[in-house]
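Undergrad: what shape does this take:
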Amino acid sequence: MVLPNDFKVMFFWIILLSQKLASSQPSCLGLGDFSKGNKTLELSIMGHRNQSGHWTTQFLLNEESQRSHQNWKLDLKHTNNQYGGVNSFHIKGAVIVPPPRPLDYEHIPGIGFYKFHYGSKLTFQEAHSTCTNEGGHLAILNSQEEATALKALYKRHSEAGGPWSYIGIYDQNKARDFVTIYGQPLKETGFPKWHPGEPEDVKRGGFCGCFVRDSGLLADVGCGDKLSFFCEYDLSWNNL
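TA: Down below sits the predicted model:
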């Protein structure tokens with residue numbers, strides 16, 4: 001078969017070594033380092049124009065991991081524009097795969113799934129790694145209702161948990177500018193409520209955030225302190 005002169009083929013591969021943001025590992029020392037997961041996502045696109053002038057574009061998506069996935073979410077959008085006599089066609093897509101929900105996380109209706117690690121005391125970095133390895137993340141408070149729910153969960157193990165427990169906020173720039181483990185400013189989370197006298201002066205070296213058992217408010221502690229911690233699996237992930 002002889003192909004026409006105007007036959008065009010576009011083919012490319014995108015390899016994504018990390019598939020979910022929850023696998024990122026913020027560093028309490030570097031405050032911004034990230035590690036990659038062991039999953040691969042492979043995307044290929046091939047387009048050609050046939051003899052009649054019709055363009056055809058084919059998509060192929062392959063994903064490999066050690067876990068099976070449910071509740072995939074696919075979002076495709078396209079636009080067709082004309083400017084200066086030139087027509088342009090754009091396709092934008094997103095594939096979202098939530099992590100599987102850990103079976104030992106407690107469901108709090110309307111809020112989310114949580115696990116209070118009160119038996120083992122870990123550093124902030126170690127706590128973050130533990131949560132992500134479970135398919136969750138260090139808890140991020142977004143409302144008073146969520147803080148009240150965590151306080152009630154804390155109360156069941158108040159002695160074993162100690163007075164403070166890590167949650168997913170830290171002082172990224174060491175300038176009393178706290179953000180979540182995803183980089184969202186604390187003031188945008190919906191719960192920027194500090195325990196009286198907190199956060200302490202930057203010279204005290206408290207660059208990681210915690211939840212105060214007695215008040216149900218936020219405080220800062222040293223990132224190397226060994227504390228209990230809260231892990232969260234977002235309720236929204238379960239509904240994708």
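Undergrad: how does this protein divide into domains?
TA: Using automatic domain parsing, the domain ranges for the chain come out as 10-96, 106-239.
Undergrad: reformat those as CSV; add mean neighbour count and mean pLDDT.
TA: For glycine as for every other residue, the C-beta is placed from the backbone atoms N, C-alpha and C. Formatted as CSV, the domains of the chain follow (neighbours: other C-beta atoms under 10 Å; pLDDT from 0 to 100):
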stretch, mean neighbour count, mean pLDDT
domain 10-96, 12, 63
domain 106-239, 18, 93
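Undergrad: give me the phi and psi for residue 224.
TA: Backbone geometry at residue 224, expressed as degrees, to the nearest 10, gives phi -90, psi 0.
Undergrad: give the contact list for the residue nearest to it when sequence neighbours are not counted.
TA: The shortest distance from residue 224 to any non-neighbouring residue, by C-beta to C-beta, 6 or more residues apart in numbering, is to residue 123 (5.2 Å). By C-beta atoms under 8 Å, 6 or more residues apart in numbering, the contact list for residue 123 reads 28, 223-226.
Undergrad: show me the helices in this structure, by range?
TA: For the chain, applying DSSP state H gives helices covering 124-133, 144-155, 158-161.
Undergrad: residue 79 is nearest to which of those?
TA: helix 124-133 (35.6 Å; C-beta to C-beta).
Undergrad: coming back round to it: ramachandran angles for the residue nearest to residue 224?
TA: Taking degrees, to the nearest 10 as the convention, residue 123 sits at phi -70, psi 170.
Undergrad: could you check how far it is from residue 162?
TA: Per C-beta to C-beta, to the nearest Å, residue 123 is found 14 Å from residue 162.
Undergrad: do the same with residue 58
TA: 57 Å.
Undergrad: same thing with residue 50?
TA: For residue 50, the distance to residue 162 - C-beta to C-beta - is 69 Å.
Undergrad: could you verify my assumption that residue 131 touches residue 138?
TA: Yes - contact criterion C-beta atoms under 8 Å: residue 131 and residue 138 qualify, at 5.1 Å.
Undergrad: between the two, which contacts overlap?
TA: 229, 231-232.
Undergrad: dump the residues you listed into JSON lines; add distance to residue 202 as well.
TA: Shown next, in JSON lines, are those (distance: C-beta to C-beta, whole Å):
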{"residue": "229", "distance to residue 202": "23"}
{"residue": "231", "distance to residue 202": "28"}
{"residue": "232", "distance to residue 202": "27"}
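Undergrad: can you add distance to residue 45 and give the helices of the chain back as JSON lines?
TA: As requested, the helices of the chain are exported to JSON lines (distance: least, C-beta to C-beta, whole Å):
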{"stretch": "helix 124-133", "distance to residue 45": "31"}
{"stretch": "helix 144-155", "distance to residue 45": "41"}
{"stretch": "helix 158-161", "distance to residue 45": "50"}
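Undergrad: wait, which of those helices is closest to residue 190?
TA: helix 144-155 (8.3 Å).
Undergrad: which residue ranges of this structure form strands?
TA: Assigned by DSSP state E, the chain shows strands spanning 10-16, 40-49, 55-64, 73-83, 86-96, 106-108, 112-122, 137-138, 164-171, 178-180, 208-212, 218-221, 227-234.
Undergrad: how far out from the middle of the chain is the last one?
TA: Mean C-alpha position of strand 227-234 versus that of the full chain (C-alpha atoms, centre = their mean, to the nearest Å) differs by 13 Å.
Undergrad: quick check: angle from that strand to strand 164-171?
TA: If you take axes from the mean of the first three to the mean of the last three C-alpha atoms, to 10 degrees, strand 227-234 sits at 70 degrees to strand 164-171.
Undergrad: sounds good, over and out.
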